[in-house]
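> what would the 3D arrangement of this be:
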Amino acid sequence: MTPTIYPRSESGLLPSDSYNQGLLGDVEFLTIHHSAGPRASTKALAQGLHRAYKRDHVAKGWGDICYHWSMDDLGRFYELRPQEAKGTHVGGCNSNNVGLMLHGNYEHHELTGEQKTSL
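So this is what the prediction gives:
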């Protein structure tokens, strides 16, 4: 089954032209993170969390939300940062590295079946 992939326009984020980290380069790595925060069981919850994380990341001087993609509990992907823009999700190791953030704290929960299937 092909997972649902939402473009940035449906991620809850406004367009941004503030990608101040340069270009990503050829993709060599994928880093999967967890938000260590709330899970996102609905599109609306994911959108609200994206806005909150973006505010925090912009306040840190990162120009935009730091991850390229996120995934909700239903295994749906959301585009957050353009693929060509270098992220800020791994300190000092963001060149050639795409960041995927799963909503939730996986020190306390397990991946859902839908997330496992999408990954």
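> read off the pLDDT value for residue 17.
With respect to pLDDT, residue 17 scores 68.
> cool, the one 10 residues further on as well?
Reading off the confidence values, residue 27 has pLDDT 92.
> quick one: buried residues of the lengthiest helix in the chain?
When the chain is parsed with DSSP state H, its longest helix is helix 43-59. For helix 43-59, burial by neighbour count (16 or more other Cβ atoms under 10 Å) applies to 43, 45, 46, 47, 49, 50, 53, 54, 57. Placement of C-beta: from N, CA and C, glycine included.
> any chance of CSV for the residues you listed, columns pLDDT and distance to residue 33?
Putting those into CSV (pLDDT from 0 to 100; distance: Cβ to Cβ, whole Å) gives the following:
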residue, pLDDT, distance to residue 33
43, 98, 20
45, 97, 18
46, 98, 15
47, 98, 18
49, 97, 13
50, 97, 14
53, 96, 11
54, 94, 15
57, 92, 13
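> can you give me the helices for the protein?
With DSSP H as the criterion, the chain has helices spanning 43-59, 113-118.
> contacts for the longest helix of the chain next, please.
The set of residues external to helix 43-59 that reach it, using Cβ atoms under 8 Å, 6 or more residues apart in numbering, is 6, 10-13, 18, 35, 37-40, 63-67, 70, 72, 76, 78, 80, 88, 101, 103.
> can you list the helices of the chain in CSV and add distance to residue 107?
Output for the helices of the chain, formatted as CSV (distance: least, Cβ to Cβ, whole Å):
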stretch, distance to residue 107
helix 43-59, 18
helix 113-118, 15
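> which stretches in this protein count as strands?
Using DSSP state E, the strands of the chain run over 5-6, 29-34, 69-71, 77-79, 97-102.
> which of these sits most buried?
Here the criterion is mean neighbour count by mean count of other Cβ atoms under 10 Å, and of the strands of the chain the winner is strand 69-71, at a mean of 24.
> quick check: mean pLDDT across that one?
The average pLDDT within strand 69-71 is 97.
> partner strands of that strand, with direction?
If you go by DSSP bridges, strand 69-71 pairs up with strand 77-79 (antiparallel), strand 97-102 (parallel).
> thanks again, I'm all set now.
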